[in-house]
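Engineer: what shape does this take:
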Amino acid sequence: MKKTVTFVLALAALSISSAGAHENHGHTSFSAGEPGDPKKPARTIEIALSEMSYEPSKINVKRGEQIRFVLRNVGKEDHEFLLATPKENLAHAEVMKKHPHMEHDEPNGVRLAPNKTAEVVWKFTKAGTFEFSCLIPDHREYGMVGQVTVK
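Structural biologist: Reported below is the predicted structural model:
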């Protein structure tokens, strides 16, 4: 009986620490708002990704607004769109230097091959200035950065 109780307590402790580790990974909260609901109305903004720019590169939204970003890679290389703060994107860019072929599986970002299109639906719940950038090594440094101002 004592071994069973010890085993159950050990499993409970393991599951609690695993849940906490997942939360610290950053998938439960985002600095620029939250994933949008594709079933709800959204303003659509089309963004072309090319060598080494976004068009448009500056976007203004209202706090609480939901945006459907339609992203088209019109360039000749893979490109990314990752929505966060400049500080978060700079930190993520350092990781990308070590793992340049990392695929993103977050609701605030996507990697696109040439001639591909994807959508990111995002609800801007926080006021401030955020950025979207391509974190493939050297792309951000060559100017592949955009800005979202939320008022």
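Engineer: test my guess that Phe132 contacts Thr85.
Structural biologist: No. At 10.9 Å, Phe132 and Thr85 do not qualify as touching, with contact defined as C-beta atoms under 8 Å. Glycine gets a C-beta too; all of them are placed from N, C-alpha and C.
Engineer: who has more neighbours out of those two?
Structural biologist: Higher neighbour count among Phe132 and Thr85: Phe132, with 27 against 15, using other C-beta atoms under 10 Å.
Engineer: which of the helices and strands in this protein ranks last by mean pLDDT?
Structural biologist: Least confident helix or strand, the chain: helix 2-24 with a mean of 35, by mean pLDDT, DSSP states H and E.
Engineer: what element comes up after that helix heading to the C-terminus?
Structural biologist: strand 34-35 (DSSP states H and E).
Engineer: partner strands of that next one, with direction?
Structural biologist: Its sheet considered, strand 34-35 pairs with strand 117-123 (antiparallel) by DSSP bridges.
Engineer: buried sites along the strand it pairs with?
Structural biologist: Ala118, Val120, Val121, Trp122, Lys123 (16 or more other C-beta atoms under 10 Å).
Engineer: and Val61, bridged to which residues?
Structural biologist: With DSSP bridges as the rule, Val61 is bridged to Val150.
Engineer: tell me, how many residues neighbour it?
Structural biologist: 20.
Engineer: surely it and Thr125 touch.
Structural biologist: No. Assessed by C-beta under 8 Å, Val61 is found out of contact with Thr125, at 10.9 Å.
Engineer: out of everything not next to it in sequence, what's closest to His92?
Structural biologist: Leu135 (5.5 Å; C-beta to C-beta, 6 or more residues apart in numbering).
Engineer: report the separation between the residue nearest the centre of the chain and Glu80.
Structural biologist: Nearest to the mean C-alpha position of the chain, by C-alpha atoms, centre = their mean, lies Asn108 at 2.8 Å. Using C-beta to C-beta, to the nearest Å, we find Asn108 at a distance of 11 Å from Glu80.
Engineer: likewise Ala127?
Structural biologist: For Ala127, the distance to Glu80 - C-beta to C-beta - is 25 Å.
Engineer: which of the two has more neighbours?
Structural biologist: Regarding Ala127 and Glu80, a neighbour count based on other C-beta under 10 Å identifies Glu80 as having more, with 24 against 12.
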